[in-house]
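A.B. asks: Using only what follows, build the 3D model:
(2 chains)
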Amino acid sequence: MTAASQDQPKIRIRGLKKSFGDNHVLNGVDLDIAKGESLVIIGGSGSGKSVLLKCILGLLPPDAGSILIDGKETVGLRGAALDEMRSHIGMLFQNAALFDSLPVWQNVAFVPLEHERMSRKEARDLALERLADVGLDAEVADLSPAELSGGMRKRVGLARAIAVRPEILFFDEPTTGLDPIMGDLIDRLIRQCVTDLGATGLTITHDMDSARRISDRIAMLYKGEIVWQGPMDAIEREGNAFVEQFVAGEIDGPIQVAQ
Amino acid sequence: MVPLLTPLGRAFLSFLETAGRLSLFAGLTLWHCLRGPWYPRLIGRQMIEIGYYSLPVVGLTAIFTGMVLALQSYTGFARFSAESAIPNVVVVSITRELGPVLAGLMVAGRIGAAMAAEIGTMRVTEQIDALVTLATNPFKYLIVPRVIAGVTMLPLLVLTADIIGVLGGYLVSTGQLGFNPQAYLQNTYDFMELEDVLSGLVKAAAFGFLITLMGCYHGYHSRGGAQGVGTATTNAVVSASILILCFNYLITGLFFG
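C.D. replies: I've put the predicted structure just below:
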């Protein structure tokens, strides 16, 4: 590996803009995510966190700007090239987004079953292995997603996201809707997955406890721009007004709250 | 004047917008139907869902329609002593019009609604986004299997409905109206033309396309949680039913106009 590719960030975002009509959701986001780090983006509801994630995944086309993954431009990719890019990314959705029509193990082994033509036996073994990685035993494998509790759904969603050993992992509000203990468990699993896989993690959340547990570095998104970024331990001493208000959870401050 | 015309113009523009989006959606669907990869397992599952599980509903509709046709035409034709035309009336009406249209409408209610609800729920719970992130094209995975199953299964369903409908007419005519069973069947056979049946099957294939397309389109574009899915379901059934009646007229015009 040359020195240049070591310095090159895994994901580099420059001047990313996205509007829906008159609603300017992203106003020029600049962000670098280094290989193997776990970055957490914090921000209030409607700050554009989800839209940012969807732009990187190619689910929404940005209006302007560039997104480089491993130095390659991904904005404007189509068809097979876009699928190829996505095959390196695993995503845990907010409510897990498991396919209701498939039992748990087929959810986890979806890509090997549908795209890699893996035999059902092998795919099932793989699914059981991944379920074990997230602390679920074989009994869950044949249940339908509707039979699972919220925490279990998240864990199955995580197992599906890591099934094909992606280089990049996205987590959309991983602890929303979970009790604090289950939230802690999910955070630990996320941290463990990122470390074990050597993957680059990107989490969006508004849960500060969760952000503390997951992150190497934190960035704050407000009104479609990154207003602060830095290592987790700097968050208290840096004295950024936006971050202070968000962490303290106060109404008064530079962040405007619709009342 | 202006307040009167504004909503009219707005409605017209939104109609054009919907028509454009729908055409684009239909074009994309056809394009993906022709280009693989296909999912034979999913196509098979949809074929069973549409073809096999619709049999009871379509069969019941057909048998009662055939029965009532025989009864009604008897009360009319008896006045002119033209009862012998009943087998003709039954077989022509069933194969040309009532078989395809009634089967189409019943399937629109059964299948169109279910498809819109399922795909709509997948949309609002981010399952469609999840499919995309798993490098799977939702058109190929969700929509193409349904449309292929609809286009192939509806003609088979209508063929079954034709046979059951004629049977309904036969049962009433022979059991209640005193027809000779052999003569009734002979009459039916003599009057039946290939073109009648064929036009009905072409209609059925077109209806199958419309029903599945409407179900998928409204589901795919639904938003806003449970209420959005409800609206999508209603729209799928209503638009499919109206399109079935429109295309029935157009296809009839093409065949017999």
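A.B. asks: quick one: A:Leu26 is in a strand?
C.D. replies: Yes - under DSSP: H, G, I helix; E, B strand; the rest coil, A:Leu26 falls within a strand.
A.B. asks: need the helices for the stretch 1-150 of chain B, in chain order.
C.D. replies: For the stretch 1-150 of chain B, applying DSSP state H, counting those that start in this stretch gives helices covering B:2-34, B:40-47, B:55-77, B:86-93, B:99-107, B:113-124, B:127-133, B:138, B:144-175.
A.B. asks: show me the contacts for A:Leu77.
C.D. replies: Listed by Cβ atoms under 8 Å, 6 or more residues apart in numbering or on different chains, the contact set of A:Leu77 reads A:58, A:85. Placement of C-beta: from N, CA and C, glycine included.
A.B. asks: re the thing from before, chain A: which of the helices of the stretch 1-150 of chain B is closest?
C.D. replies: Ranking the helices of the stretch 1-150 of chain B by proximity to chain A (Cβ to the nearest Cβ) places helix B:127-133 first, at 4.0 Å.
A.B. asks: Which neighbouring elements make contact with that closest one?
C.D. replies: If you count contacts as 3 or more Cβ pairs under 8 Å, 6 or more residues apart in numbering or on different chains; DSSP states H and E, helix B:127-133 packs onto helix A:49-57, strand A:89-92, helix B:113-124, helix B:138.
A.B. asks: any residues touching that helix, and which ones?
C.D. replies: A:54, A:57-59, A:86, A:89-91, A:93, A:97-100, B:119, B:121-122, B:137-138, B:141-142, B:220.
A.B. asks: Averaged pLDDT, the next helix or strand after it. What do you get?
C.D. replies: Per DSSP states H and E, helix B:127-133 leads on to helix B:138 as the next helix or strand towards the C-terminus. Mean pLDDT, helix B:138: 92.
A.B. asks: ok, now stretch A:44-57?
C.D. replies: The average of the pLDDT scores along stretch A:44-57 is 87.
A.B. asks: That stretch near chain B anywhere?
C.D. replies: Yes - counting by Cβ under 8 Å from any Cβ of the partner chain, chain B has neighbours in stretch A:44-57: A:54, A:57.
A.B. asks: Need the residues that contact that stretch.
C.D. replies: A:11, A:13, A:16, A:18, A:25-26, A:29, A:41, A:43, A:60-62, A:67, A:74, A:86, A:89, A:91, A:170, A:172, A:202, A:204, A:206, A:221-224, A:246, A:255, A:257, B:129, B:132-133.
A.B. asks: Apply 7 Å and report the result again.
C.D. replies: Contact partners of stretch A:44-57, identified using Cβ atoms under 7 Å, 6 or more residues apart in numbering or on different chains, comprise A:11, A:16, A:18, A:25-26, A:29, A:41, A:43, A:60, A:62, A:67, A:86, A:89, A:91, A:170, A:172, A:204, A:206, A:221-224, A:255, B:133.
A.B. asks: Among those residues, which ones are in strands?
C.D. replies: A:11, A:16, A:18, A:25-26, A:29, A:41, A:67, A:89, A:91, A:170, A:172, A:204, A:221-222 (DSSP state E).
A.B. asks: filter those by proximity to chain B?
C.D. replies: By Cβ under 7 Å from any Cβ of the partner chain, the members of the ones in strands among the contacts of stretch A:44-57 lying near chain B are A:89, A:91.
A.B. asks: ok, which pair from the ones in strands among the contacts of stretch A:44-57 is furthest apart?
C.D. replies: A:Ile89 and A:Tyr222 (25.4 Å; Cβ to Cβ).
A.B. asks: which one of these two has more residues nearby?
C.D. replies: A:Ile89 (24 against 20; other Cβ atoms under 10 Å in any protein chain shown).
A.B. asks: Please list only the buried members of the contacts of helix B:127-133.
C.D. replies: A:54, A:57-59, A:86, A:89-91, A:93, A:97-99, B:119, B:121-122, B:137-138, B:141-142, B:220 (16 or more other Cβ atoms under 10 Å in any protein chain shown).
A.B. asks: Which elements pack onto the longest helix along chain A?
C.D. replies: Using DSSP state H to define each element, chain A has its longest helix at helix A:180-197. Contacting helix A:180-197 under the criterion 3 or more Cβ pairs under 7 Å, 6 or more residues apart in numbering or on different chains; DSSP states H and E are the following elements: helix A:150-162, strand A:168-172, helix A:208-214.
A.B. asks: if we go to 6 Å?
C.D. replies: Helix A:180-197 is packed against helix A:150-162, helix A:208-214, with contacts defined by 3 or more Cβ pairs under 6 Å, 6 or more residues apart in numbering or on different chains; DSSP states H and E.
A.B. asks: how about the ones you listed, which one is nearest chain B?
C.D. replies: helix A:150-162 (7.8 Å).
A.B. asks: Identify each buried residue in the closest one, please.
C.D. replies: Those buried within helix A:150-162 under the rule 16+ other Cβ under 10 Å are A:151-162.
A.B. asks: Contact residues of the stretch 101-250 of chain B facing chain A?
C.D. replies: B:125-127, B:129-130, B:133-135 (Cβ under 6 Å from any Cβ of the partner chain).
A.B. asks: pLDDT added to the residues you listed, as CSV?
C.D. replies: Conversion of these to CSV gives the following (pLDDT from 0 to 100):
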residue, pLDDT
B:Thr125, 92
B:Glu126, 92
B:Gln127, 94
B:Asp129, 93
B:Ala130, 94
B:Thr133, 90
B:Leu134, 91
B:Ala135, 87
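A.B. asks: ok, of these, which one's closest to A:Ala132?
C.D. replies: B:Leu134 (20.9 Å).
A.B. asks: And for that closest one, the neighbour number?
C.D. replies: The number of residues near B:Leu134, taken as other Cβ under 10 Å, comes to 24.
A.B. asks: was I right about it contacting A:Val108?
C.D. replies: No - counting by Cβ atoms under 6 Å, B:Leu134 sits too far from A:Val108 to count as a contact (11.0 Å).
A.B. asks: if we can go back for a sec, out of the residues of the stretch 101-250 of chain B next to chain A, what pair is the most spread apart?
C.D. replies: Among those, B:Thr125 and B:Ala135 lie farthest apart (Cβ to Cβ), at 19.5 Å.
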